[in-house]
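Student: Sequence unavailable; structure follows:
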């Protein structure tokens, strides 16, 4: 009889829509890591909310707990007896299939309840948006509703209304026109015009650049000619750079048509930073894989946050700091070991991080960032060596090369510390001594351009004039000008800027690295050089603003539908990646 009653109970739950059918996707999956990895102890949760109501299963209480601060959930069952269980299901396709029995826990011995461990809702490292529910077995199996089936930013999915803010492409189908619309809040909707009764229109949403769209298909599907609005990104799940397209089907046909995938851009700064953050991996907390490149990319994100006041991406600053200030073996963050405090054998890489933490201090006024910059600067200053070439900072720990990038970074860093530490004289003394050496070193050639480094006999080696060396020299001079008030440094910065704009670094009005030339390509370091130049050029005066505005307009005009920008800012475009995106964002930030 007990078996009969149990069967009847399950049947009743099935009718009620509460029982859980066998999972269509039972394959075991590796743990997901976002801010934390799956199976975190709920006692460590930074927040506890209850996104859905308590579900009763034969008077047992099944509860889904959620911490938005951690992006994780856990389940609990109470008022139960030994052997009754709770677990989580997680789906990446809107609930069509799911990973089941996550963290399954049975009530032990004399207890009356238990809970699962914490599991991530989404998988931002792999651009997968998840939903989650708690399930329990108490002589019947039932589950809560799925949580986060829709995306909520300023406005939640499926909102009505909306005003066009960005023109995007359309597609035609049997005389109909299917169009994608985007508003200033980053939401999208679709329309079909010249339509007949029964024609359909809908949106698809993808978090992996249009490669797939599980859980994001047929959003707002309607025969009314216009969908409601849906968000294209999900900051709560740390999923940025989402893409949308509008699709439609004519009533008399079986096939449909879709617009190209597009990332919304309420404005060009938001569009550029969103595309950059698409490649930020929150668990290792950097842009894999580039150590100094990640420092400069984070500096661009900080610059965006300071200029706009938009705090959407600000969490990545402290996250990057906390995760990465420890030691790493060779190959984990760089081909070299990292000793801790962002210090490695490459002195220039180390100094880039020092400048980034000064940026973070300027954004947050949190002394921890300034203290870290001091620690880094002390390490860099240890490689100032007057016994070779009369001064200068070695490029590497083995002391093989004195070059422009390392001295430029040293000057900017030391002068910046003076400008932020009350009563300082030591850092200013280092900065002034360093500038005097740099100005007399021969690194600046007779044309006012900065070559790459010095020979073993302390002469200008005549190697490539890279834009970032020129830019760092300008930035160093400007920081010293702010430190001392002496127009000697201001004049030097303006001469360096004017020389650059009159040189082969500018072709047809566009900043052009030597590796941007036809038939060449920039390596992963060179891809970010122009952004450094643009960041510092406009500090030297309003006379450079028109040039900056031209660069911004040109590179933004050459973006692809995903708002990605390549190394070559003038057409023909070059392949984009996150390094080229960071450089482009730096250029956009200094435009009017």
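Tutor: Structure's in. What do you need? Being a predicted model, the structure only gives us computed values, none of them experimental. Numbers count the residues shown, from 1 in each chain.

Student: Only C-alpha atoms from now on, for both contacts and neighbour counts.
Tutor: OK.

Student: gap between the host helix or strand of residue 220 and the chain center?
Tutor: Here residue 220, judged by DSSP states H and E, is contained in strand 219-222. With Cα atoms, centre = their mean, to the nearest Å as the basis, strand 219-222 stands 30 Å off its chain's centre.

Student: Then stretch 457-464?
Tutor: Per Cα atoms, centre = their mean, the centroid offset for stretch 457-464 relative to its chain is 38 Å.

Student: do stretch 418-435 as well
Tutor: The answer for stretch 418-435 is 33 Å, by Cα atoms, centre = their mean.

Student: Begin at 35, not 1, for the rest of this chat.
Tutor: Shifting the count to begin at 35 puts that one at stretch 452-469.

Student: in that stretch, what counts as buried?
Tutor: Using 16 or more other Cα atoms under 10 Å as the test for burial, stretch 452-469 gives 452, 453, 461, 462, 464, 465, 466, 468, 469.

Student: again, but for stretch 439-455
Tutor: Quick answer for stretch 439-455 (16+ other Cα under 10 Å): 439-453.

Student: next one: stretch 431-438
Tutor: 435, 436, 437, 438.

Student: How about stretch 519-527?
Tutor: For stretch 519-527, a neighbour-count test (16+ other Cα under 10 Å) marks 523, 524, 525, 526, 527 as buried.

Student: quick one on the thing from earlier: name every strand pairing with the strand holding residue 254 and say which way it goes.
Tutor: Here strand 253-256 is paired, per DSSP bridges, with strand 234-240 (antiparallel).

Student: For the stretch 35-184 of the chain, which segments are assigned as strands?
Tutor: Ranges of strands in the stretch 35-184 of the chain, per DSSP state E, counting those that start in this stretch, are 89-91, 94-101, 106-112, 119-125, 133-140, 148-149, 153-154, 165-171, 175-177.

Student: Please report the distance of residue 153 from residue 184.
Tutor: Taking Cα to Cα, to the nearest Å as the measure, residue 153 falls 19 Å from residue 184.

Student: And residue 290, by the same measure?
Tutor: Going from residue 290 to residue 184 by Cα to Cα gives 25 Å.

Student: ok, now residue 310?
Tutor: 24 Å.

Student: Same check on residue 220?
Tutor: Distance from residue 220 to residue 184, counting by Cα to Cα: 15 Å.

Student: quick revisit: residue 153 and residue 184 - which one has more neighbours?
Tutor: Using other Cα atoms under 10 Å as the criterion, residue 153 and residue 184 rank with residue 153 on top: 30 against 16.

Student: tell me, how many neighbours does the closest residue to the more buried one other than its chain neighbours end up with?
Tutor: Leaving aside its chain neighbours, residue 153 sits nearest to residue 72 (4.5 Å; criterion: Cα to Cα, 6 or more residues apart in numbering). Other residues within reach of residue 72, judged by other Cα under 10 Å, total 20.

Student: Ok, the one 4 residues further on next?
Tutor: For residue 76, the count of nearby residues is 21 (other Cα under 10 Å).

Student: cool, and residue 533?
Tutor: Neighbours of residue 533 (other Cα under 10 Å): 17.

Student: For the spatially closest residue to it that is not a sequence neighbour, give me its contacts.
Tutor: In this structure, residue 533 finds its nearest non-sequential neighbour in residue 482, 5.5 Å apart by Cα to Cα, 6+ apart. Residue 482 makes contact with 529, 530, 533, 534, according to Cα atoms under 8 Å, 6 or more residues apart in numbering.

Student: wait, the residue nearest to residue 153 sits on residue 63?
Tutor: No: applying Cα atoms under 8 Å as the test, residue 72 and residue 63 come out as separate, 11.2 Å apart.

Student: Let me know the helix or strand that residue 281 is in.
Tutor: strand 277-283.

Student: Which strands or helices does the next helix or strand after that strand pack on?
Tutor: Sequence order places strand 290-292 as the next helix or strand after strand 277-283, per DSSP H and E. Strand 290-292 makes packing contacts with strand 204-207, strand 277-283 when contacts are defined by 3 or more Cα pairs under 8 Å, 6 or more residues apart in numbering; DSSP states H and E.

Student: follow-up on the earlier one: just the buried residues of stretch 439-455: which are in strands?
Tutor: With strands taken from DSSP state E, there is no overlap with the buried residues of stretch 439-455.

Student: which of these lies closest to residue 507?
Tutor: Distance to residue 507 across those (Cα to Cα) is lowest for residue 442, with 5.4 Å.

Student: The closest one and residue 426, how far apart?
Tutor: Distance of residue 442 to residue 426, computed by Cα to Cα: 10 Å.
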